[in-house]
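Participant: Please find the sequence and the predicted model below.
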Amino acid sequence: KSAEEKKKEIDAAMEKIENALPEVFTSKNFRDYLKFQSKFHHYSVNNIILIKLQNPNASLVAGYKQWQDKFERQVVKKGAIKIFAPMKYKKLVDKPVLDEFGDKVFDENGNLKTEKKEVQYVKYRLVNVFDVSQTEGKPLPSLTKELEGTDIRARALISAIQKVSEFHIAFAGNENEMIKQGAKGYYSKTFNHIVIKENMSDLQTAKTLAHEYTHGSLHSNSDKPRDIKEIEAEATAFVISDYFGFDTGEYSFPYIAGWAMNQNAATLHEVLDSIQKNVQAIIDKIEPEFKKELELEHELEKEQDLELAFELAVEIPEQFDSKEKAMEYVQERKEVMNSLGRER
């Protein structure tokens, strides 16, 4: 495709994001999510720093009783996070007596008149809070639902990114602490590598890998706020997927909305607009390998279809009395399975 054709496709994908977000923002699922989020305290900058120092992966933090009473979850893992909580108290103190003009009053001997007044003070003490990863119980509301299904183009994209990536890419299960805590993938700036949760669908794996690859490519030395980084990474992942022929909007649109809910429309538009050149550069890098991997996937699929047709002709000769009939059945079955988004 020419640069102009690529730009048109990228622009069209960006437009899909902007058109989809208003619908997400007004959905019942999004309102329920906001209601859920409102139950969490908004911590001060100092407490946020304290939380991240003790648990860099913390995402949703609440006290022991809050998890029980508000969210019907139990704290099952030790390792409380310490934060400062304000404690208000009152005390009687001597305060100067003031006249109607606000001036201090003195007695006949020139001594300042005082009176006892109750004054409220605030002091701080350390209290314990716990991250959601330390709890178990009632499922928490989520904006996104994991993508399901297989797609030959998604598999080709996974292989292509692995080929072009300057970062080591690994797949991991619950032996990895971040994956165990619910992450579908992450980019580590410290170790300059990407880790993706294993055993996800082709569609979810491809989208997550594109998202984390974007973090590595665009954000390794960026001081942008996290919400902007997440919008950029997910929008880029959606555009890449859309360009290479499969749709991740069911996951990507709510994900972007979740990180964009504190941004106004103009700012969001600027963020999306600013990543277009970066998206095209990433696509240009991936595309040559994607074409090769897609061709290999097609060849592999043909071989699998032939093997299945041969097995049918041998095992059920009364129904498939020729290789052609067996192959016709295999193709029809594949089309149905693909339309349902299931594994063959």
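Facilitator: That came in fine, so what should we check first?

Participant: mind listing the helices in the protein by residue range?
Facilitator: All helices of the chain, identified by DSSP state H, fall at 3-25, 28-37, 45-54, 64-71, 152-164, 177-180, 202-219, 226-243, 249-260, 265-274, 276-315, 323-340.

Participant: Mean neighbour count, distance to Lys77 and mean pLDDT added to those, as TSV?
Facilitator: Placement of C-beta: from N, CA and C, glycine included. Converted to TSV, the helices of the chain look like this (neighbours: other C-beta atoms under 10 Å; distance: least, C-beta to C-beta, whole Å; pLDDT from 0 to 100):
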stretch	mean neighbour count	distance to Lys77	mean pLDDT
helix 3-25	15	33	93
helix 28-37	14	21	89
helix 45-54	14	13	90
helix 64-71	15	11	93
helix 152-164	20	33	96
helix 177-180	15	11	87
helix 202-219	24	25	97
helix 226-243	23	24	96
helix 249-260	22	25	95
helix 265-274	14	36	88
helix 276-315	15	38	87
helix 323-340	14	39	71
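
Participant: looking at the ones you listed, which is closest to Lys116?
Facilitator: Taking C-beta to C-beta as the criterion, Lys116 comes closest to helix 45-54 out of the helices of the chain, the separation being 34.2 Å.

Participant: For that closest one, what is the distance to the chain centroid?
Facilitator: Average the C-alpha atoms of helix 45-54, do the same for its chain, and the two points are 21 Å apart (C-alpha atoms, centre = their mean, to the nearest Å).

Participant: outside of that helix, which residues touch it?
Facilitator: For helix 45-54, contacts defined as C-beta atoms under 8 Å, 6 or more residues apart in numbering pick out Tyr43, Ala58, Val61, Ile81, Lys82, Ile83, Phe84, Val129.

Participant: Surely the first one and Leu60 touch.
Facilitator: No: Tyr43 sits out of contact with Leu60 when judged by C-beta atoms under 8 Å, with a separation of 11.5 Å.

Participant: about what we covered before: can you tell me which of the contacts of helix 45-54 lies nearest to Gln331?
Facilitator: Closest approach to Gln331 among the contacts of helix 45-54 (C-beta to C-beta): Ala58, at 50.4 Å.

Participant: Can you report how many residues lie near that closest one?
Facilitator: Applying other C-beta atoms under 10 Å, we find 18 other residues in the vicinity of Ala58.

Participant: wait, isn't it in contact with Ala80?
Facilitator: No: in this structure, Ala58 sits apart from Ala80 without contact. The criterion is C-beta under 8 Å, and the distance is 11.6 Å.

Participant: The stretch 51-200 of the chain: strands as residue ranges?
Facilitator: Across the stretch 51-200 of the chain, reading from the start of the chain, the strands by DSSP state E, counting those that start in this stretch fall at 61-62, 73-75, 81-96, 114-131, 135-137, 168-172, 185-188, 193-197.

Participant: Check the burial of Val195 by counting its neighbours.
Facilitator: When neighbours are defined as other C-beta under 10 Å, Val195 has 21 of them.

Participant: Identify the residues contacting the residue nearest to His298 when sequence neighbours are not counted.
Facilitator: Spatially, and ignoring its direct neighbours in sequence, His298 is nearest to Ile152 (7.0 Å; C-beta to C-beta, 6 or more residues apart in numbering). Contacts here follow C-beta under 8 Å, 6+ apart; on that basis Ile152 touches Leu294, Glu297, His298, Glu301.

Participant: Return the member of the contacts of helix 45-54 nearest to Glu15.
Facilitator: Nearest to Glu15 among the contacts of helix 45-54, with distances taken as C-beta to C-beta, is Ala58, at 35.9 Å.

Participant: nearest to Glu136, of the helices of the chain?
Facilitator: Put simply, out of the helices of the chain the one that sits nearest Glu136 is helix 64-71, at 9.7 Å, with distance taken as C-beta to C-beta.

Participant: and that closest one with helix 28-37, angle?
Facilitator: Interaxial angle, helix 64-71 versus helix 28-37 (axes from the mean of the first three to the mean of the last three C-alpha atoms, to 10 degrees): 150 degrees.

Participant: Thanks again, I'm all set now.
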